[in-house]
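S.K.: attaching a predicted model along with its sequence, questions to come.
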Amino acid sequence: MRLNLVYFAWVRERIDLPSETVETDAKTVAELITELRARDARYDLAFSDTTAVRVAINQELCEFSSALADGQEVAFFPPMTGG
Amino acid sequence: MRLNLVYFAWVRERIDLPSETVETDAKTVAELITELRARDARYDLAFSDTTAVRVAINQELCEFSSALADGQEVAFFPPMTGG
Amino acid sequence: MAVSVQVDAFDIGAELGEMRKDTRAGALVNFTGIVRGGDDLVALELEHYPAMTKSALEAIEAEARARWDLIDTRIIHRVGRLALGEEIMMVAVSAPHRADAFQAAEFMMDFLKSRAPFWKKEHFKSGTQWVDAKDSDEGALRRW
Amino acid sequence: MAVSVQVDAFDIGAELGEMRKDTRAGALVNFTGIVRGGDDLVALELEHYPAMTKSALEAIEAEARARWDLIDTRIIHRVGRLALGEEIMMVAVSAPHRADAFQAAEFMMDFLKSRAPFWKKEHFKSGTQWVDAKDSDEGALRRW
């Protein structure tokens, strides 16, 4: 399946990319992260401490255990600091 | 001793006077109220429910048991409703 | 730190703009009380005890500043006759952090309601009535 | 009920003035977040997730309106680069009564801090740093 990945704040800076499309068979966000970390040192660094990373699927906050489906937008970012 | 009495809101309206000077030997606010009530039906009505009356001596909120002294300004008014 | 008691309207934006100039402030909380319509109310009349009002408000400001880490405080309270929708009063608090600003603003409002010498009289289409103090206002003081 | 995400400054006084026009409102609470100085900070940079931001803010407004008796709510959040003393964002709540307005404003701020997709980067005289989320911000959600 195909996913659109988007990155923000220091996750974006570490991966050095604002967004990309990936082909993956990962069933969950956690599996997707494992795949990404295996790719490249930049991803490995960005996801080295997953307690500091939040994820949203189709613009809704979700969990690392959440299931993925074709065509989704999956966003990774640090804990939010607005306000 | 001589006291300056000031009245506000419906206490003022019931007594029909904003302020007055009185000569009294009342030792406490409570004694002063008893004297005033004996004077006239307007005072008797204004002080008929003392749970609804607040008192300040020299612009400081105090109690009915507070002692009086010559030259003080004693204010009577309903519970405050600012804000 | 300043209190004003006045007949005239005030400009909330300008007041908050002044308080923002201190760059130690990260949080600014403002409460505005407004003449609320209903029951054929046409106006609100505010009476106060001039000799006591400013010192009572200043005491509330001083107590808030002793309890929380604040940069500045401001109270403006109007007196006289106010039409529907007019602002009655405002409290504003600036602080480094938002929790202090919120708590201090709520504290100041609670004490202002029950400890500052203002009295409201409602003017209806037919007749007038002094506003009764609410038990809940006195109760609100106990949480502080 | 409206949310805005924008680069430009906003006029707090004008926003509050709009909300005051509804005479069912007796209480208006406003929170303004300001770029606070210190540690040689020269500017704050706000990044956000455009596809998600408005819906996240609208969800916070809707939840506040479900929990408290409110007349209107307003959120404005700026993005981009902001200098010291500039306003970052505001939340405003109008309600018949003050307790609802205060509680809803605090609730909205707590959720905005930890649930709306904004990220702050601090620009110092030498270097930059992403602001870390505070444990206390996540903890603040638990009281609601």
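M.R.: Sure, I can see it. Remember, predicted model here, so these are calculated numbers, not experimental data.
S.K.: for the top helix by length along chain A, list every residue counted as buried.
M.R.: The helix of greatest length in chain A, counted in residues with DSSP state H as the criterion, is given as helix A:29-39. Neighbour counts over helix A:29-39 (16 or more other Cβ atoms under 10 Å in any protein chain shown) mark A:Val29, A:Glu31, A:Leu32, A:Ile33, A:Leu36, A:Arg37 as buried. C-beta here means a position set from N, CA and C on the backbone, and glycine is covered the same way.
S.K.: and the last one, what does it touch?
M.R.: Each residue near A:Arg37 by Cβ atoms under 8 Å, 6 or more residues apart in numbering or on different chains is listed here: A:Tyr43, A:Asp44, A:Phe47, A:Ser48.
S.K.: after the longest helix of chain A comes which helix or strand?
M.R.: Heading C-terminal from helix A:29-39, the first helix or strand you meet, by DSSP states H and E, is helix A:41-46.
S.K.: so does the following helix or strand past that following helix get close to chain D?
M.R.: Per DSSP H and E, helix A:41-46 leads on to strand A:54-57 as the next helix or strand towards the C-terminus. Yes - taking Cβ under 8 Å from any Cβ of the partner chain as the criterion, strand A:54-57 and chain D are in contact, through A:Ala56.
S.K.: which residues sit against strand A:54-57?
M.R.: Contacts to strand A:54-57, defined as Cβ under 8 Å, 6+ apart, come from residues A:29, A:61-64, A:66, A:68, A:72-80, D:49, D:52, D:117.
S.K.: need the next SSE after it, C-terminal direction.
M.R.: Tracing the chain C-terminally past strand A:54-57 and defining elements by DSSP H and E, one meets strand A:60-62 next.
S.K.: what's the first helix or strand after that next one?
M.R.: Proceeding N to C from strand A:60-62, the next assigned helix or strand is strand A:73-77, under DSSP H and E.
S.K.: what angle separates that next one from helix A:29-39?
M.R.: Angle of strand A:73-77 versus helix A:29-39, following axes from the mean of the first three to the mean of the last three Cα atoms, to 10 degrees, is 70 degrees.
S.K.: centre of the chain to strand A:73-77, how far?
M.R.: Distance of strand A:73-77 from its chain centroid, counting by Cα atoms, centre = their mean, to the nearest Å, is 5 Å.
S.K.: could you check which residue of chain A lies nearest chain B?
M.R.: Taking Cβ to the nearest Cβ as the measure, the point where chain A comes nearest chain B is A:Gly83, at 27.2 Å.
S.K.: residues touching whatever residue of chain C ends up closest to chain D, list them.
M.R.: With Cβ to the nearest Cβ, the shortest gap between chain C and chain D falls at C:Gly13, namely 1.8 Å. With contacts defined as Cβ under 8 Å, 6+ apart, the neighbours of C:Gly13 are D:Asp11, D:Ile12, D:Gly13, D:Ala14, D:Leu16, D:Gly17.
S.K.: would you list the buried entries among the residues you listed?
M.R.: Buried subset of the contacts of C:Gly13 (neighbour count, 16+ other Cβ under 10 Å): D:Ile12, D:Gly13, D:Leu16.
S.K.: would you mind identifying the next helix or strand past the host helix or strand of the residue of chain C closest to chain D?
M.R.: In this structure, C:Gly13 sits in helix C:12-19 according to DSSP H and E. Next along the chain after helix C:12-19, taking DSSP H and E as the criterion, comes strand C:27-34.
S.K.: got the angle between that next one and helix D:12-19?
M.R.: 40 degrees.
S.K.: packing partners for the helix or strand that C:Arg81 is a member of?
M.R.: In this structure, C:Arg81 sits in strand C:80-83 according to DSSP H and E. Helices and strands touching strand C:80-83, as assessed by 3 or more Cβ pairs under 8 Å, 6 or more residues apart in numbering or on different chains; DSSP states H and E, comprise strand C:41-48.
S.K.: repeat that with 10 Å
M.R.: Under the contact definition 3 or more Cβ pairs under 10 Å, 6 or more residues apart in numbering or on different chains; DSSP states H and E, strand C:80-83 sits against strand C:41-48, strand C:118-124.
S.K.: any chance of the ones you listed in CSV, plus mean pLDDT and distance to chain D?
M.R.: Conversion of the helices and strands packed on strand C:80-83 to CSV gives the following (pLDDT from 0 to 100; distance: least, Cβ to the nearest Cβ, whole Å):
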stretch, mean pLDDT, distance to chain D
strand C:41-48, 97, 9
strand C:118-124, 97, 11
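S.K.: closest one to chain A among the ones you listed?
M.R.: Comparing the helices and strands packed on strand C:80-83 under Cβ to the nearest Cβ, the one sitting nearest is strand C:118-124, at 33.7 Å.
S.K.: is that closest one positioned near chain B?
M.R.: Yes - legend: contact between strand C:118-124 and chain B by Cβ under 10 Å from any Cβ of the partner chain is shown at C:Phe118, C:Trp119, C:Lys120, C:Lys121.
S.K.: now do the contacts for the nearest residue to C:Lys121 once chain neighbours are set aside.
M.R.: Using Cβ to Cβ, 6 or more residues apart in numbering or on different chains and skipping the chain neighbours, the partner closest in space to C:Lys121 is C:Glu45 (4.3 Å). Listed by Cβ atoms under 10 Å, 6 or more residues apart in numbering or on different chains, the contact partners of C:Glu45 are C:Val79, C:Gly80, C:Arg81, C:Leu82, C:Trp119, C:Lys120, C:Lys121, C:Glu122, C:His123, C:Thr128, C:Trp130, C:Val131.
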